[in-house]
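1. next come a sequence and a model predicted from it.
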Amino acid sequence: MAIDGPAGSGKSSVSKAVARALGFGYLDTGSAYRALAWHVLDRGADTADADAVIAAASDFPVRLGLDPDDRTVRVGDVDVTDAIREPRVSGAVSGVARVPEVRAQVNELFRTLVAEAPYPAVVVEGRDITTVVAPDAPVRILLTAAPEVRAARRAGELAGENADAVAAALHKRDASDSAVVDFLNAAEGVEVVDSTELDFPQTIDAVLTVIERLRGAHRG
Ligand SMILES: Nc1ncnc2c1ncn2[C@@H]1O[C@H](COP(=O)(O)OP(=O)(O)O)[C@@H](O)[C@H]1O
Ligand SMILES: Nc1ccn([C@@H]2O[C@H](COP(=O)(O)OP(=O)(O)O)[C@@H](O)[C@H]2O)c(=O)n1
């Protein structure tokens, strides 16, 4: 199953809940981009420098699991689970995401993880899953919400951060990211779920309803 959408649309939380409900694996592709951004910064480099990003990616022992109840991300032996959500990483991550060699490398990792998954299916979420990573997935969903609603949700998570600054950073990141892949418009055959007017349980239900319908259609 493939789920894309802009920052704060609910991809992670909704995908995780859906994976739990169905007994599927869950892959947060953004965490790999975030971990690489963390790794570049940890080496004292700048993510705006594509050559430095490529050099860091060539020595990037990232470890990601598919268990929806365990979001641990490691680079080598370092647990970066919390560090990759910090504003300094969010502010740097678009730099790594715009390097084509990096995208090709992480996409290979994602396909391998899914192919070797000990689950009947995996809910994979990101920006280009419905279009590039898994365009043949039986279920493809674009999860959206109005920009101000997404910013408010993200600000709610980052307690202690200034809400206006969080909103500005989120919109800036969406603008950079959408120059690389289009996750604001649904590709042909991709179902849109707009959660602007839905609460969290309603959004999960809306996604489960789409999955039920498409899997039914798929089985014929
Ligand atoms: N429909 C919804 N209504 C209210 N809050 C939501 C909804 N969907 C997600 N959230 C909350 O919004 C925040 C951002 O969601 P998240 O899953 O991290 O988004 P994304 O992975 O797309 O950036 C989380 O705190 C999540 O619990
Ligand atoms: N499939 C993906 C997933 C994430 N990304 C990049 O990784 C960053 C972090 O993704 P994320 O899903 O953790 O971001 P949020 O939506 O959770 O804020 C994005 O801002 C993109 O730059 C990407 O380019 N392609």
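-> Done, it's in. Ligands and ions are numbered 1, 2, ... in the order given.
2. quick one: residues contacting the residue nearest the centre of the chain.
-> Closest residue to the average C-alpha location of the chain: G126 at 3.1 Å, with CA atoms, centre = their mean. By CB atoms under 8 Å, 6 or more residues apart in numbering, G126 lies in contact with I3, D4, K11, D28, T29, G30, V133. Using the backbone N, CA and C atoms, a C-beta is placed for each residue, glycine as well.
3. just checking, what packs against the worst-scoring helix or strand of the chain on mean pLDDT?
-> Scoring the helices and strands of the chain by mean pLDDT, DSSP states H and E places helix 200-219 at the bottom, with a mean of 91. The contact analysis (3 or more CB pairs under 8 Å, 6 or more residues apart in numbering; DSSP states H and E) places helix 200-219 against helix 11-22, strand 140-144, strand 191-194.
4. next, format these as TSV and append mean neighbour count, distance to ligand 1 and mean pLDDT.
-> Formatted as TSV, the helices and strands packed on helix 200-219 follow (neighbours: other CB atoms under 10 Å; distance: least, CB to the nearest ligand atom, whole Å; pLDDT from 0 to 100):
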stretch	mean neighbour count	distance to ligand 1	mean pLDDT
helix 11-22	20	3	98
strand 140-144	24	7	98
strand 191-194	17	9	98
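5. out of the ones you listed, flag the one nearest D59.
-> For the helices and strands packed on helix 200-219, proximity to D59 was assessed by CB to CB; helix 11-22 is nearest, at 27.1 Å.
6. give me every residue in the protein lying close to ligand 1.
-> Proximity of the chain to ligand 1 (CB under 6 Å from any ligand atom) is limited to residues 5, 7-14, 153-154, 157, 195, 198-200, 203.
7. near ligand 2 too, which of the residues you listed?
-> Contacts with ligand 2 are made by A7, G8, K11, S12 out of the residues of the chain next to ligand 1, judged by CB under 6 Å from any ligand atom.
8. which one of those is nearest to A217?
-> Nearest to A217 among those, counting by CB to CB, is K11 at 23.2 Å.
9. would you confirm that the closest one contacts L143?
-> Yes. Using CB atoms under 8 Å, K11 is in contact with L143, at 5.6 Å.
10. what's the overlap in contacts for those two?
-> By CB under 8 Å, 6+ apart, the residues touching both K11 and L143 are I3, D4, G5.
11. buried ones among these?
-> I3, D4, G5 (16 or more other CB atoms under 10 Å).
12. JSON lines for these, including pLDDT, distance to V180 and secondary structure?
-> As requested, the buried ones among the shared contacts of K11 and L143 are exported to JSON lines (pLDDT from 0 to 100; distance: CB to CB, whole Å; DSSP: H, G, I helix; E, B strand; the rest coil):
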{"residue": "I3", "pLDDT": "98", "distance to V180": "18", "secondary structure": "strand"}
{"residue": "D4", "pLDDT": "98", "distance to V180": "13", "secondary structure": "strand"}
{"residue": "G5", "pLDDT": "98", "distance to V180": "15", "secondary structure": "coil"}
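13. closest one of those residues to D51?
-> Nearest to D51 among those: D4, at 28.7 Å, using CB to CB.
14. what is the closest one paired to in the beta sheet?
-> D4 forms beta bridges with G126, L142, as assigned by DSSP bridges.
15. what are the ranges of the strands in this protein?
-> Using DSSP state E, the strands assigned to the chain run over residues 2-4, 25-28, 62-64, 73-75, 78-79, 122-126, 140-144, 191-194.
16. dump these into CSV; add distance to E212 as well.
-> What follows is these, written out as CSV (distance: least, CB to CB, whole Å):
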stretch, distance to E212
strand 2-4, 15
strand 25-28, 18
strand 62-64, 28
strand 73-75, 31
strand 78-79, 37
strand 122-126, 14
strand 140-144, 12
strand 191-194, 12
